[in-house]
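Enquirer: sequence and predicted structure are below.
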2 protein chains.
Amino acid sequence: MATAKGQRRSTIYDIATATGTSPATVSMVLNGTWQRYRISEATATRILDAARTIGYNVNMKARGLRLARSGLAGMIMPHYRNRFFAGLSETFEAGARARGFCPMVVSTQRKPETEREVVERLLSHQVEFLFIVGVANPDPLNELCSAANIPCVNIDLPGANAPSVVTDNQGGARMLTDILLDKIAAPDPSFHFLGGVAGEYATEERIAGFSQALASRGIALPETHIHRCGYWPPTARQSIEHLHDKLGGLPAGLFINSITAFEGAVQFFRALPPQAFEGRFIGCFDWDPFAAFLPFPVTMLRQNVEAMIEQGFSYIENYRAGDHPLTKVPPQLGPSHVKVPA
Amino acid sequence: MATAKGQRRSTIYDIATATGTSPATVSMVLNGTWQRYRISEATATRILDAARTIGYNVNMKARGLRLARSGLAGMIMPHYRNRFFAGLSETFEAGARARGFCPMVVSTQRKPETEREVVERLLSHQVEFLFIVGVANPDPLNELCSAANIPCVNIDLPGANAPSVVTDNQGGARMLTDILLDKIAAPDPSFHFLGGVAGEYATEERIAGFSQALASRGIALPETHIHRCGYWPPTARQSIEHLHDKLGGLPAGLFINSITAFEGAVQFFRALPPQAFEGRFIGCFDWDPFAAFLPFPVTMLRQNVEAMIEQGFSYIENYRAGDHPLTKVPPQLGPSHVKVPA
DNA sequence: CGGCAACGCTAAATCCATTTAGCAAACCGG
DNA sequence: CCGGTTTGCTAAATGGATTTAGCGTTGCCG
């Protein structure tokens, strides 16, 4: 890296020399603790002026080393390519800044090896706490944190070894399914579930909620109505296409497990004529501003990003090692639901 | 729970004590430079083992302080709420990691004051270089960097005081307009431009390209066809609504300046019947997977995020103070264009 | 006028990792 | 068996900010 070999960045020693004082005095003045140490106002002003004119900026490396406080707040997450994750990181950043930290958010593309490496890096940079978002298996990462004695919380996917905050997947799925059911006139509608990974926490929780809502209205849910086709859009597309061909049309109710699977479904839907959607109702457990305006009725759930992050900070602030509670935050109806005309 | 000592994090001194060696030896072994310093293999293995069992992790604060190299790569950007910005940060992160840095991306919500504060913070954490993305006025930020002697590049919006990488807005707009023109049968179609801010770099460049494409086919472009209604969706919505009412329908060609303005337009479009779009062609200077599947024909341009970031790194790697080139990266047609049937 | 406090500031230790200079012991050739 | 080299390691300085202990003055009281 061909960094211009110019002049060194200025230090408190430079200021001390320039003002004929000592580094200790400069430090006290710049920290605002000078009154406590009986530095005269004249000296303080002189130092402050000098600092301003040479454009001094603390070296957090040195400061952090001395104080064992880095001022860094860490977060890892899969990516930023949907509103849920984008919202989580922006809310986290705002929260961290409000609390006097510098946020450090790194995306890991859902690769366990990258996740591990990034966590190790963040810990070696001495982040003071860590939010772990959307990680399939947070346990090894939680372990790294507790070995380093750094508080952490899991967001979106829970773990047994750290406090966790997740969306109320089951309750949300029940709510979404009930909304779809309310719209449907047919007596015994066929409902299908699309997307997600077998055995994965969020998927199974949502299937449970979906199933409960159907059961409470006496609607059967054969295992064949559940299509855990993953999250990758092309796979989801293929899956819905197969289903459509088999049924000779769309099912009356379709519950789509995530915005990513929805992206795949939309790619198939656009080939269908408008009447293919008559009497059919689609729900998606996620929200996106454009998806909300597609040419067929979709009810979207928005996960309560703000509440989730707030709860995460609250866990960090009241951190007790060995105590691993789990909070489930209810999702909300997406803006589209409100605006869609009946 | 591999922590031997519950409280403090372990240091090379701990390892030295545990293995009956000196901190210097430990440092050499852990850095892999021990062969060069003639440390015996037996000692090296002993130290490595000890490091592993107590779960040692370098303190980058101390290391960075000594080496004047933090290992941190900084980036600031407005937000992550669209594919362009999300793509920029993910590509940046991958590039930084590939080069051995720990990426530090912070969003600033387009607030100049936050931008300034965040840059100061990143500098005080000694980032080794800084990518400045989508900042209306990068000059004061570039100045902060050069005062701290830290290389920086501007991405998306250029500045006169640092190397800059932007999309070829003018060329891209010309290309997009030409595509729309090719589709239109009418002899003298009316073309409108929607979105963006008067005087803003990208907006004016795109208007210039738009205007050139029209001019080269002899199509008039009165100033009243250009609607710089900002980026906020509700304003864009209102603007397109007014236009529609005035014209008694949509214009033959509509060039929308950004995905955000497009979001507003879509909110209005959905109230229109399908035939309102017959013979009308819409282009958007941005790409989104859902927007690409709306029920009317949209041609979307995808900015070449990968090439932009690569060019940014190349500027950093060949950094020469005082040299401030500008690269314009051509955008590409969004995936939707390819798939849309004629 | 001696003693003590208040005042205004500084020296030096500390945080942890890196690296140069160099020490003691083993070893070798003659 | 002595001078010289090699081997294997350590002491100590360094980087920048913080903080405790303390030093020299002046001012005040008795």
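Expert: The structure has been received and is ready for your questions.
Enquirer: make it CA atoms for all contacts and neighbour counts henceforth
Expert: OK.
Enquirer: which stretches of chain A aren't confidently modelled?
Expert: A:1-7, A:334-342 (pLDDT under 70).
Enquirer: spatially central residue for it, please.
Expert: Taking Cα atoms, centre = their mean as the criterion, residue A:88 is the residue nearest the geometric centre of chain A, at 3.7 Å.
Enquirer: contacts only, for the spatially closest residue to that one that is not a sequence neighbour.
Expert: Once flanking residues are discounted, residue A:88 sits nearest to residue A:305: 5.6 Å by Cα to Cα, 6 or more residues apart in numbering or on different chains. Counting by Cα atoms under 8 Å, 6 or more residues apart in numbering or on different chains, residue A:305 touches A:84, A:87-88, A:91.
Enquirer: is the residue nearest to the centre of chain A in contact with residue A:306, as I believe?
Expert: Yes: using Cα atoms under 8 Å, residue A:88 is in contact with residue A:306, at 7.4 Å.
Enquirer: in chain A, which spans are strands?
Expert: A:72-77, A:102-107, A:129-133, A:152-155, A:164-167, A:191-194, A:226-227, A:253-256, A:281-284, A:298-302, A:326-329, A:332-333 (DSSP state E).
Enquirer: tell me which of these is the most buried.
Expert: strand A:152-155 (a mean of 30; mean count of other Cα atoms under 10 Å in any protein chain shown).
Enquirer: other SSEs contacting that strand?
Expert: Applying 3 or more Cα pairs under 8 Å, 6 or more residues apart in numbering or on different chains; DSSP states H and E, one finds that strand A:152-155 contacts strand A:129-133, strand A:164-167, helix A:305-317.
Enquirer: out of those, the one nearest DNA strand C is which?
Expert: Ranking these by proximity to DNA strand C (Cα to the nearest atom of the strand) places strand A:129-133 first, at 17.1 Å.
Enquirer: does the closest one reach chain B?
Expert: No: against chain B, strand A:129-133 shows no contacts by Cα under 8 Å from any Cα of the partner chain, the least distance being 14.1 Å.
Enquirer: just the CA coordinates of that strand, formatted as PDB?
Expert: Extracted in PDB, the C-alpha atoms of strand A:129-133 (Å, rounded to 0.1, in the frame of the first residue of the first chain):
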ATOM      1  CA  PHE A 129     -19.800  -6.600  22.400                       C
ATOM      2  CA  LEU A 130     -21.000  -8.500  19.400                       C
ATOM      3  CA  PHE A 131     -24.400  -8.900  17.700                       C
ATOM      4  CA  ILE A 132     -24.600 -12.200  15.800                       C
ATOM      5  CA  VAL A 133     -27.300 -12.000  13.200                       C
END
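Enquirer: so that strand versus strand A:102-107, what angle?
Expert: Using axes from the mean of the first three to the mean of the last three Cα atoms, to 10 degrees, the inter-axis angle of strand A:129-133 relative to strand A:102-107 is 30 degrees.
Enquirer: what residues does the stretch 151-300 of chain A put near chain B?
Expert: Residues of the stretch 151-300 of chain A lying near chain B (Cα under 8 Å from any Cα): A:263, A:266-267, A:270, A:289-291, A:293-295.
Enquirer: which among these end up buried?
Expert: A:263, A:266-267, A:289-291, A:293-295 (16 or more other Cα atoms under 10 Å in any protein chain shown).
Enquirer: which residue is the nearest non-sequential neighbour of residue A:235?
Expert: residue A:229 (6.4 Å).
Enquirer: surely residue A:34 meets residue A:28?
Expert: Yes: in terms of Cα under 8 Å, residue A:34 counts as a neighbour of residue A:28; the distance is 4.9 Å.
Enquirer: related to what we said a few turns ago, tell me which of the strands of chain A lies nearest to DNA strand C.
Expert: Nearest to DNA strand C, of the strands of chain A and by Cα to the nearest atom of the strand, is strand A:72-77 at 16.3 Å.
Enquirer: could I get the CA-only coordinates of the closest one as CSV?
Expert: Extracted C-alpha coordinates of strand A:72-77, given in CSV (Å, rounded to 0.1, in the frame of the first residue of the first chain):
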residue,chain,number,x,y,z
LEU,A,72,-16.1,-0.5,19.0
ALA,A,73,-19.4,-2.3,18.7
GLY,A,74,-19.4,-5.3,16.4
MET,A,75,-22.1,-7.0,14.4
ILE,A,76,-22.0,-9.8,11.8
MET,A,77,-24.8,-10.6,9.4
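Enquirer: make CSV out of the strands of chain A and add distance to DNA strand D.
Expert: Output for these, formatted as CSV (distance: least, Cα to the nearest atom of the strand, whole Å):
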stretch, distance to DNA strand D
strand A:72-77, 15
strand A:102-107, 16
strand A:129-133, 20
strand A:152-155, 25
strand A:164-167, 33
strand A:191-194, 54
strand A:226-227, 56
strand A:253-256, 52
strand A:281-284, 50
strand A:298-302, 42
strand A:326-329, 35
strand A:332-333, 44
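Enquirer: using CSV, lay out the ones you listed together with distance to residue B:196.
Expert: Output for these, formatted as CSV (distance: least, Cα to Cα, whole Å):
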stretch, distance to residue B:196
strand A:72-77, 32
strand A:102-107, 29
strand A:129-133, 34
strand A:152-155, 36
strand A:164-167, 36
strand A:191-194, 39
strand A:226-227, 43
strand A:253-256, 35
strand A:281-284, 32
strand A:298-302, 28
strand A:326-329, 37
strand A:332-333, 31
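Enquirer: picking that back up, relative to residue A:260, how far out is the residue nearest to residue A:88?
Expert: 18 Å (Cα to Cα, to the nearest Å).
Enquirer: circling back: just put the helices and strands packed on strand A:152-155 in TSV and tack on distance to residue B:301.
Expert: As requested, the helices and strands packed on strand A:152-155 are exported to TSV (distance: least, Cα to Cα, whole Å):
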stretch	distance to residue B:301
strand A:129-133	31
strand A:164-167	35
helix A:305-317	30
